[in-house]
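A.B. asks: I need the structure of the sequence given here:
(one chain, ligands or ions: 1)
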Amino acid sequence: MAADNTVLDFLLTRRSRPVKLMRPPAPGRDELVTLLTAATRAPDHGKLEPWRFIVLRDAGQARFAAAIRARAAATGQDPDKGASAFEQAPLSVAVVAVPRDATKIPAIEQTLSAGAVCLGLLNAALAAGWGAAWLTGWPAYDPELLAEALGLAPGEWIAGFVHLGTSDAAPPDRPRPDVPALVTWAEA
Ligand SMILES: Cc1cc2nc3c(=O)[nH]c(=O)nc-3n(C[C@H](O)[C@H](O)[C@H](O)COP(=O)(O)O)c2cc1C
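C.D. replies: Predicted coordinates for the structure are as follows:
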């Protein structure tokens, strides 16, 4: 297989963009389907497709943000921490993990596949030149909110909200891991 140094350079330098710095436009439907198609080329043991997407834009996104604020008022959680990303980002994609029962594939492997889909979507968006960030926050862990506002079925859960938009500026990069300190070489 031939080396693709452009892709490798991208992977070595890729970084998320803060939602606060995102502005319109966001990917259109066709562009987003391309990004979602790239995301679903995730490793998936047993080909279970244990994930699905909910695209939140315009009124749909505003409705979810309002539902988060109402839920915060009812439960005492922080409304801004929950809702602001959906109010600031031009587009948000909920990556929903859909565990498949009656399979020999362990649930943890389905979870890992859902995480891989999130990273795939994030990286596809960044590679296509969009600003993107993978966030959760308390709304991702509020089953009642998710069932009512996003229609999640029992057992489904949020692997991530991937927020997308246009981003020109990037703050200083975060310190990156000291790779040699993380590696045990078992070679001899
Ligand atoms: C599952 C998951 C949830 C996350 N949720 C949040 C979050 O709610 N708020 C936040 O500031 N960062 C969150 N992060 C961290 C950011 O997505 C991201 O890792 C960080 O901004 C650095 O991104 P980069 O390494 O792609 O540049 C989360 C990361 C993961 C994997």
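A.B. asks: residues of the longest helix seen in the chain that come out buried?
C.D. replies: In the chain, assigned by DSSP state H, the helix with the most residues is helix 107-127. Buried residues in helix 107-127, counted by 16 or more other CB atoms under 10 Å: 109-127. For glycine as for every other residue, the C-beta is placed from the backbone atoms N, C-alpha and C.
A.B. asks: check stretch 26-41 too.
C.D. replies: Ala26, Pro27, Leu32, Leu35, Leu36, Ala38, Ala39, Thr40.
A.B. asks: where helices are concerned, which of those residues count?
C.D. replies: With DSSP H as the criterion, helices contain Leu32, Leu35, Leu36, Ala38, Ala39 from among the buried residues of stretch 26-41.
A.B. asks: out of those, who's near the ligand?
C.D. replies: For the ligand, no contacts are drawn from those by CB under 6 Å from any ligand atom.
A.B. asks: the ligand: which of those residues is nearest?
C.D. replies: Nearest to the ligand among those, counting by CB to the nearest ligand atom, is Ala39 at 14.3 Å.
A.B. asks: just to check, that closest one is in contact with Ala124?
C.D. replies: Yes. Proximity of Ala39 to Ala124 meets the contact threshold set by CB atoms under 8 Å, at 5.9 Å.
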